[in-house]
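Participant: What follows is a predicted protein model with its sequence.
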Amino acid sequence: MTLPRIVIERCHYLARCSEEPGAITRPIATEAMRCAQELVGEWMREAGMAVRSDNVGNLRGRYEGGGEATLLLGSHIDSVRNAGKYDGPLGVTVAIAAVQRLHDADRRLPFAVEVLAFADEEGLRFGSTYLGSRAVAGTFDLADLDRTDAGGITMREALRSSGCDPARIDDDRWQGGPLLGYVEVHIEQGPVLEARSLPVAAVSAIAGQERHRLTFTGEAAHAGTTPMNRRHDALAAAAELVLAVEREAGAVEGLVATVGQLEASPGAVNVVPGAATLSLDVRHADDAIRTASAKHLLARAAEIATRRQVKVASDLLAENRSVQCAPRLVALFARSIEELGHPVMRLASGAGHDAVAMSALTDVGMLFVRCKGGISHNPAESVTTDDVAVAIDVVSRFLELVAEG
Ligand SMILES: [Zn+2]
């Protein structure tokens, strides 16, 4: 069987490691994760790597080279609920395939390659993202160990019962000497590559993101007796903002803004809504554009509130700065893609990835692989063997170029 075919098959094998029969659901520190780690560990060893599991449950496969430095490759092997087969596992299996190729040719690079299979990126079980990569980057927040899952089990207990050692997570931080960077292959999770008929793209940056909660406060009133011109309808104000967000974000290149939650109160069929609470998620690869756009949208909310004689208040719930991929690594990916005869596209990622956490440790680079319909976090996730072949070739060429210095 060819390597690209093997990669696809392996993603299918991993799909069987699940908490839910007939679906892919693989949270950290579960039997399903142990199943996935066993398979990945076996594949790493087959590719000539020395394998170990760290204290948070990441699997690390090391292929020694000449010289002191190490290049990290990886992605995550946990999943969301009812996931697809490729979000995460593709990056791990493509990395292993690239090492397999070196091993088969009995080839050593002038640096070591370490493949990381992160134990938790999605945060399905404890609602905290990048646990695995934050442990390696040395930015793991020990307070997260007290988080509980839906069954009331703390992360500390869960890790312990799965054979990990939460007391020693600090030791997971990278201690293996100089790094050449962290490189991640991932499905695009968007429609751009498909629309351009391209198999892969070099990722230029990972978008920054901010989340707000807004509350419009009007006046709850009787739906039968309050004339239309006497109302202070909080939900109508919120609705106007939802449409303004959609319209105005669409006018800024590269900006995405979303209202994903909207709740009216008191929420009765015969009451004019007195309050409406909504979420606002704003993302752009350029932090200055993102913050300016969010500010503009909040000003729109204020303007709508004034005109409709209701009040509006907003809270910033979370903010993550954008991560720029290292120009050196982006250029090497671009050159690899070009040398293999494909048009080069540089693309910003709207979704977060382990590379965000790893950027606190070292330079990061990413390669996106086309996925069918841009669909992800869905069982319909799909990639082609041909595109996987391109991804493996690009990573192999990338390793050669890094070796040439
Ligand atoms: Zn992912």
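Facilitator: Arrived safely, thanks for sending. Numbers count the residues shown, from 1 in each chain.
Participant: Please work out which residues outside the strand or helix carrying residue 302 touch it.
Facilitator: According to DSSP states H and E, residue 302 maps onto helix 287-308. Outside of helix 287-308, the residues within contact range by C-beta atoms under 8 Å, 6 or more residues apart in numbering are 207-210, 212, 214, 216, 218, 232-233, 236-237, 240-241, 244-245, 248-249, 252, 254-255, 257, 280, 282-284, 311-312, 314, 321-322. Just so you know, the C-beta spots here come from the backbone N, C-alpha and C atoms, and that holds for glycine as well.
Participant: go with 6 Å
Facilitator: Under the criterion C-beta atoms under 6 Å, 6 or more residues apart in numbering, residues 208, 210, 214, 237, 240-241, 244-245, 252, 255, 282, 284, 311-312, 314, 321-322 lie in contact with helix 287-308.
Participant: residues of that helix that come out buried?
Facilitator: For helix 287-308, the neighbour count (16 or more other C-beta atoms under 10 Å) marks 287, 289-291, 293-294, 297-298, 300-301, 304-305, 308 as buried.
Participant: repeat for stretch 175-185
Facilitator: Neighbour counts over stretch 175-185 (16+ other C-beta under 10 Å) mark 179, 180, 181, 182, 183, 184, 185 as buried.
Participant: swap in stretch 226-234?
Facilitator: Residues 226, 231, 232, 233, 234 are the ones in stretch 226-234 that count as buried (16+ other C-beta under 10 Å).
Participant: What's the end-to-end length of stretch 255-274?
Facilitator: 31 Å (C-alpha to C-alpha, to the nearest Å).
Participant: Contacts made by the helix or strand of the chain at the bottom of the mean pLDDT ranking with the rest, please.
Facilitator: Least confident helix or strand of the chain, by mean pLDDT, DSSP states H and E, is strand 311-320 with a mean of 93. Contact with strand 311-320 is made by 208-217, 298, 301-302, 305, as judged by C-beta under 6 Å, 6+ apart.
Participant: What strands flank it, and is each parallel or antiparallel?
Facilitator: Strand 311-320 pairs in its sheet with strand 208-217 (antiparallel), by DSSP bridges.
Participant: Give me the buried positions along the partner strand.
Facilitator: So strand 208-217, judged by 16+ other C-beta under 10 Å, has buried residues 208, 209, 210, 211, 212, 214, 215, 216, 217.
Participant: Residue of the stretch 151-300 of the chain nearest the ion, please.
Facilitator: In the stretch 151-300 of the chain, no residue comes nearer to the ion than residue 186, which is 5.7 Å away by C-beta to the ion.
Participant: Quick one: residues contacting that residue.
Facilitator: Neighbouring residues of residue 186 by C-beta under 6 Å, 6+ apart: 75, 91, 353.
Participant: so what's the first one up against?
Facilitator: For residue 75, the set of contacting residues under the criterion of C-beta under 6 Å, 6+ apart consists of 88, 91, 92, 184, 186.
Participant: ok, what's across the strand from it?
Facilitator: Under DSSP bridges, the beta-bridge partners of residue 75 are residue 117.
Participant: Show me what the closest residue to residue 49 other than its chain neighbours is bridged to.
Facilitator: Spatially, and ignoring its direct neighbours in sequence, residue 49 is nearest to residue 61 (3.5 Å; C-beta to C-beta, 6 or more residues apart in numbering). Beta bridges link residue 61 to residue 51, residue 115, judged by DSSP bridges.
Participant: For residue 61, which residues are in contact?
Facilitator: Going by C-beta under 6 Å, 6+ apart, residue 61 touches 44, 49, 51, 115.
Participant: If you go by neighbour count, which of those residues are buried?
Facilitator: 44, 49, 51, 115.
Participant: Now render these as TSV, adding pLDDT and distance to residue 19.
Facilitator: Formatted as TSV, the buried ones among the contacts of residue 61 follow (pLDDT from 0 to 100; distance: C-beta to C-beta, whole Å):
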residue	pLDDT	distance to residue 19
44	98	23
49	98	27
51	98	24
115	98	25
